[in-house]
Structure formats: C-alpha cells, structure tokens
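**Q** What follows is a predicted protein model with its sequence.
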Amino acid sequence: MRAALAIRARYPRQLTGPVRAGDAEGIHEMRVASRRLRAALMEFAPATGDRAELFVAQVRSITRDLGRARELDVMV
C-alpha cells in the first residue's frame, strides 16, 4: 500500500488530467508507473503473501488496458 501511495505522490499529474484528456505521454507515464508499482509489490510479496499477488494481478490488468490505449494512440 505504501508503494501505491509513493507512486501516487510522485506522479500526481499522470494519475489525473492527462490520461482523461487523452494525452499520449500521460498514458505512457501511467504504464511506467504501473510497472514500477508491480515491481514494488513483488518486493514485498514475501511479507504480504497472497495479498501482493492479488494487487499485482489487478495492476497488471490496468497495465494491459493502458497498453491497448497506447497502441491505439501510436497508430493514429
């Protein structure tokens, strides 16, 4: 949870307006942030057990969705 808060604190711009506005750079930065969040969650997996795996799966799903949005933007 602290990792998520740290990423949110570090990337507040990427977590708000640009993604809603369709800014391609914001989408890219969100993908980068989600990968960093997954890495941080995996670091703490031994201490949190199944909870970390659940969060990682949820973040991976979000990362996939952002990847699709990024691919569409690159095509345009």
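**A** Perfect, thanks for sending it.
**Q** pLDDT below threshold where in the protein?
**A** 1-24, 73-76 (pLDDT under 70).
**Q** and residue 38, how far is that from residue 58?
**A** In this view, residue 38 and residue 58 are 10 Å apart by CB to CB, to the nearest Å. C-betas here are computed from N, CA, C, even on glycine.
**Q** Which residue, neighbours along the chain excluded, lies closest to residue 35?
**A** Closest residue to residue 35 apart from its sequence neighbours, by CB to CB, 6 or more residues apart in numbering: residue 63 at 6.4 Å.
**Q** what's the burial count for that neighbour?
**A** Residues lying near residue 63 (other CB atoms under 10 Å) number 18.
**Q** Which positions in the longest helix along the chain come out as buried?
**A** Longest helix of the chain, by residue count under DSSP state H: helix 50-75. Buried residues in helix 50-75, defined by neighbour count with 16 or more other CB atoms under 10 Å: 52, 55, 56, 59, 63, 66, 69.
**Q** Between the residues you listed, which sits nearest residue 46?
**A** residue 52 (8.4 Å; CB to CB).
**Q** Skipping its backbone neighbours, what lies nearest that closest one in space?
**A** Nearest to residue 52 is residue 45, by CB to CB, 6+ apart, at 3.9 Å.
**Q** How about the contacts made by that neighbour?
**A** Shown in contact with residue 45 (CB atoms under 8 Å, 6 or more residues apart in numbering): 52, 53, 56.
**Q** Looking at these, spot the one nearest residue 28.
**A** residue 56 (20.7 Å).
**Q** Now do the contacts for that closest one.
**A** 38, 41, 42, 45.
**Q** quick one: contacts for the third one?
**A** The contact partners of residue 42, by CB under 8 Å, 6+ apart, come to 52, 56.
**Q** so which helix or strand takes in it?
**A** Assigned by DSSP states H and E, residue 42 belongs to helix 24-43.
**Q** report the angle between the axes of that helix and helix 50-75?
**A** Angle, helix 24-43 to helix 50-75, by axes from the mean of the first three to the mean of the last three CA atoms, to 10 degrees: 160 degrees.
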